[in-house]
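Student: pasting the structure only:
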């Protein structure tokens, strides 16, 4: 056994990752997307170092609706807060909501999709009817119905896992309305994967259904899940912005959508205060970069799509 | 060896796959049809015996293997292993003792290995899922032992490799190592060498034959290649359209076949030198009929060069033509 148990470095895996990164980053869209995303992730990670603590109406430093100047690079809003400060702090809230909602959506969608595809039969039929139900559910209506209920139960103050109750509702609602899309893609892939011989072999060597799903099918689904996950994040940012714009956000943890809602209420657009609408540009840039990354991932993983430029 | 008769027994094993009838069929009240992949097979495998199952594609030989390894559920008949009826046992935990004793080797080794698992994970999987080892040291030992027994030396070199980094022969050895790791009593080998180069075939066959010599492991060798079956097996069973047409010792079946189908299979074998012992019957015409439309009477009669009127009406039973040699043909005596 002296030489038998020598472990060699996993060169196969390392090489695979390297070649994947080379292919992925060779795409112009992926480069632009990753660059933008890194920029916004830095903003979201250390907002206090970059622009100081979040400004409120009480500690606001500037004039009302002042245009950009050397002191306030993006001007001020209707109560004199620095717009740059708000946008940078908003990045953290917007991205966190989008990413958490996507995690919920991916975990739930993958579980439902794998079970439906793998077990088939009656399980498949019922899980897919459930998926259809959530597929057509409008996120706005759901959010408008759930928010008052949650606020009634938890109360307006306090927080749930560090989030104000209304933000928590937004996370749950986006998660609930976007998993159906993931479940359908995962199910269709599972249907083809479960017919592969290695699944038969896993059954012959005694692996249980759970082990087969987690160790054999799930790793082969990772390409589809990551590629679609990036698209789900892009969608989640849009929905989050729209819900906050409708007033479901929280003024104490303002996301980009909340800032846009406040700007709209202050009449920034009609007053010509274009700088007050800069959160909109951020939403556009971030969701565009997620779409670019998602498409690049899809192209890299899916050899059949590579033919079409 | 005691209780030889009670190792693995198939009694009238049937595997039918239902065909989903259209709305039209249902309105007209037509009876639901089925693909009769395996249509009543009686077969005995003794401890430590190598039995070859020979047939054309579409004869149901793979389905027999899948039924024995519990990948296909028999529609009727019994699958007895050491006197225990396994035909209705389902679920991975209930099947664990059976899986420990019966393993399978697949035809396409590349498809049978998960592309995202390393060789170590692949060979360790049966040991983990059947709960045969305690601790990582024992696991590594058993995996090395299995890889070495399958001819992958030194085993440590292969632990962290992925299937796509191996050659075809090495992949098949990994599949064999995975089956060996649990030290089974019976291995079902479904065309284990048909995808391999001729030069590698002999090595893989040697590994399989050695196993019987060392561990008294029984082997059900599924193949379409009669000479190969003769080379490796003690007994040969010939399958046609879901039924056994002839069964006997390897020499008997190869050199003294009684069923016209076996004779035709033998004549279809390419040979470098012309062989005087060839029996004078014309070559087979056409293909195996669909298992969804099994011909009436003897299922071989539409293609049989010596068929007569009785063959179209009555299905022949297995007729004993010599000691331990039966053929299902009206002309067999």
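Tutor: Sure thing, it's come through. Everything numeric in this text was worked out from a predicted model, so none of it was measured. Numbers count the residues shown, from 1 in each chain, chains lettered A, B, ... in the order given.
Student: what's the longest helix in the chain?
Tutor: Chain wasn't specified; assuming chain A. When chain A is parsed with DSSP state H, its longest helix is helix A:83-119.
Student: the intended chain is chain B.
Tutor: Chain B, longest helix under DSSP H: helix B:198-215.
Student: give me the element the residue lying closest to residue A:294 once chain neighbours are set aside is part of.
Tutor: When the adjacent residues along the chain are set aside, residue A:294 lies closest to residue A:230, with 3.3 Å between them (CB to CB, 6 or more residues apart in numbering or on different chains). No exception for glycine: its C-beta is placed from N, CA and C like everyone else's. Assigned by DSSP states H and E, residue A:230 belongs to helix A:218-243.
Student: and residue A:33, by the same measure?
Tutor: Short version: residue A:33 belongs to helix A:28-45, going by DSSP H and E.
Student: cool, residue B:238 as well?
Tutor: Element membership of residue B:238 [criterion: DSSP H and E] is strand B:235-240.
Student: that strand packs against which elements?
Tutor: Using 3 or more CB pairs under 8 Å, 6 or more residues apart in numbering or on different chains; DSSP states H and E, the elements in contact with strand B:235-240 are strand B:50-54, helix B:226-232, strand B:243-249, helix B:250-255, helix B:260-267.
Student: need those in JSON lines (columns: distance to chain A, mean pLDDT and mean neighbour count).
Tutor: Shown next, in JSON lines, are the helices and strands packed on strand B:235-240 (distance: least, CB to the nearest CB, whole Å; pLDDT from 0 to 100; neighbours: other CB atoms under 10 Å in any protein chain shown):
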{"stretch": "strand B:50-54", "distance to chain A": "17", "mean pLDDT": "93", "mean neighbour count": "26"}
{"stretch": "helix B:226-232", "distance to chain A": "21", "mean pLDDT": "90", "mean neighbour count": "20"}
{"stretch": "strand B:243-249", "distance to chain A": "24", "mean pLDDT": "91", "mean neighbour count": "25"}
{"stretch": "helix B:250-255", "distance to chain A": "27", "mean pLDDT": "89", "mean neighbour count": "19"}
{"stretch": "helix B:260-267", "distance to chain A": "27", "mean pLDDT": "87", "mean neighbour count": "23"}
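Student: tell me which of the ones you listed lies nearest to residue A:45.
Tutor: Distance to residue A:45, taken as CB to CB, is lowest for strand B:50-54 among the helices and strands packed on strand B:235-240, at 64.1 Å.
Student: off-centre distance for that closest one?
Tutor: Remark: strand B:50-54 is offset 7 Å from the chain centroid, using CA atoms, centre = their mean, to the nearest Å.
Student: name the strands paired with that strand and say parallel or antiparallel.
Tutor: strand B:218-223 (parallel), strand B:235-240 (parallel) (DSSP bridges).
Student: export the ones you listed to JSON lines and tack on mean neighbour count?
Tutor: Listed next are the strands paired with strand B:50-54 as JSON lines, based on neighbours: other CB atoms under 10 Å in any protein chain shown:
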{"stretch": "strand B:218-223", "mean neighbour count": "25"}
{"stretch": "strand B:235-240", "mean neighbour count": "26"}
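Student: out of those strands, flag the one nearest residue A:186.
Tutor: Of the strands paired with strand B:50-54, nearest to residue A:186 by CB to CB is strand B:218-223, at 34.5 Å.
Student: need the residues that contact that closest one.
Tutor: Residues from elsewhere that reach strand B:218-223 (CB atoms under 8 Å, 6 or more residues apart in numbering or on different chains): B:7-8, B:45-54, B:61-62, B:64-65, B:68, B:185-192, B:194, B:208, B:211-212, B:229, B:232-233.
Student: do stretch B:199-213 as well
Tutor: B:48, B:50, B:149-151, B:168-169, B:172-173, B:176, B:180, B:187, B:189, B:192-193, B:196, B:217-219, B:221, B:228, B:231-232.
Student: report the buried residues of that stretch.
Tutor: Buried residues in stretch B:199-213, defined by neighbour count with 16 or more other CB atoms under 10 Å in any protein chain shown: B:200, B:201, B:204, B:205, B:207, B:208, B:211, B:212.
Student: ditto for stretch B:181-188
Tutor: Residues of stretch B:181-188 classed as buried: B:181, B:182, B:183, B:184, B:185, B:186, B:187, B:188 (neighbour count, 16+ other CB under 10 Å).
Student: just curious, which of those is nearest to chain A?
Tutor: residue B:182 (7.5 Å; CB to the nearest CB).
Student: need the contact list for the nearest residue to residue A:113 once chain neighbours are set aside.
Tutor: With sequence-adjacent residues excluded and distances taken as CB to CB, 6+ apart, residue A:113 is closest to residue A:186, at 2.8 Å. Contacts for residue A:186 were tallied using CB under 8 Å, 6+ apart; they are A:109, A:110, A:112, A:113, A:114, A:117, A:221, A:224, A:225.
Student: I'd like to know which of those residues is nearest to chain B.
Tutor: residue A:221 (10.3 Å).
Student: related to what we said a few turns ago, what angle do helix A:83-119 and the helix holding residue A:33 make with each other?
Tutor: 120 degrees (axes from the mean of the first three to the mean of the last three CA atoms, to 10 degrees).
Student: from the contact counts, what lies against helix A:28-45?
Tutor: Helix A:28-45 packs on helix A:11-25, helix A:83-119, helix A:278-301, going by 3+ CB pairs under 8 Å, 6+ apart.
Student: ranking those helices by burial, who's on top?
Tutor: helix A:83-119 (a mean of 23; mean count of other CB atoms under 10 Å in any protein chain shown).
Student: tell me the residues of the stretch 201-309 of chain A that contact chain B?
Tutor: A:201-209, A:211, A:215-216, A:219-220 (CB under 8 Å from any CB of the partner chain).
Student: select only the buried ones of those in ChimeraX?
Tutor: Filtering these down to the buried ones (16+ other CB under 10 Å) takes a single ChimeraX command:
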select /A:201,202,203,204,205,206,207,211,215,216,220
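Student: contacts only, for residue 257.
Tutor: Going with chain A. Taking CB under 8 Å, 6+ apart, we find residue A:257 in contact with A:94, A:240, A:241, A:242, A:243, A:244, A:245, A:249, A:279, A:283.
Student: let's do chain B instead
Tutor: So residue B:257 contacts B:246, B:263, B:266, B:279, B:327 (CB under 8 Å, 6+ apart).
Student: hmm, 6 Å instead?
Tutor: Going by CB atoms under 6 Å, 6 or more residues apart in numbering or on different chains, residue B:257 touches B:263, B:266.
Student: which phi and psi does it have?
Tutor: Taking degrees, to the nearest 10, you get phi -70, psi 140 for the backbone angles of residue B:257.
Student: what do you get for residue B:316?
Tutor: Note on residue B:316: backbone dihedrals following degrees, to the nearest 10 are phi -70, psi 140.
Student: that's all I had, so thanks and see you.
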